Each structure stands twice: as structure tokens, then as C-alpha cells.
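1. Compute the structure for the input listed below.
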Amino acid sequence: MYKIICSDCGKEAEVPFKPTEGRPVYCRECFQKHRR
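-> Numbers count the residues shown, from 1 in each chain. Predicted coordinates:
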């Protein structure tokens with residue numbers, strides 16, 4: 001797991017993939033909102 005800071009709400013979260021440089025990363029709640 002990789003520690004990230006959500007690009008939307010600023011919360012610390014963990015994601016199972018290595019975040020890509022220059023792309024926003026989201027916590028689970030914000031990811032659900034952005035998926036649509």
C-alpha cells in the first residue's frame with residue numbers, strides 16, 4: 001500500500017497502486033465522486 005494525500009479533501013489515505021507523477025489521487029470517498 002502507498003500513502004497518499006487526497007487531491008480533493010486533503011485527507012491521508014492508502015492506495016494499492018503507485019501514484020503516477022502529475023496525476024491527482026483521491027481517497028476512497030472522493031474517488032467514488034470522481035468516477036462517474
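
2. what's the helix or strand for residue 30?
-> Assigned by DSSP states H and E, residue 30 falls within helix 28-34.

3. How much space separates the most centrally placed residue in the chain from residue 20?
-> When CA atoms, centre = their mean is applied to the chain, the residue found nearest the centroid is residue 26 (2.3 Å). Here residue 26 is placed at a distance of 13 Å from residue 20 (CB to CB, to the nearest Å). All C-beta atoms are positioned from the backbone trio N, CA, C, and that covers glycine.

4. This protein: strands as residue ranges?
-> Secondary structure of the chain (DSSP state E): strands at 2-5, 12-15.

5. Of these, which is nearest residue 35?
-> Proximity to residue 35 (CB to CB) singles out strand 12-15 among those, at 14.1 Å.

6. which residues touch the closest one?
-> 1, 2, 3, 4, 5, 6, 25, 26, 27, 28 (CB atoms under 8 Å, 6 or more residues apart in numbering).

7. now do 6 Å
-> By CB atoms under 6 Å, 6 or more residues apart in numbering, the residues outside strand 12-15 that reach it are 1, 2, 3, 4, 5, 6, 27.

8. What is the burial count for the nearest residue to residue 29 once chain neighbours are set aside?
-> Using CB to CB, 6 or more residues apart in numbering and skipping residues adjacent in sequence, the residue nearest residue 29 is residue 9, 7.4 Å away. By the criterion of other CB atoms under 10 Å, residue 9 has 12 neighbours.

9. buried ones in the helix holding residue 30?
-> residue 30 (16 or more other CB atoms under 10 Å).
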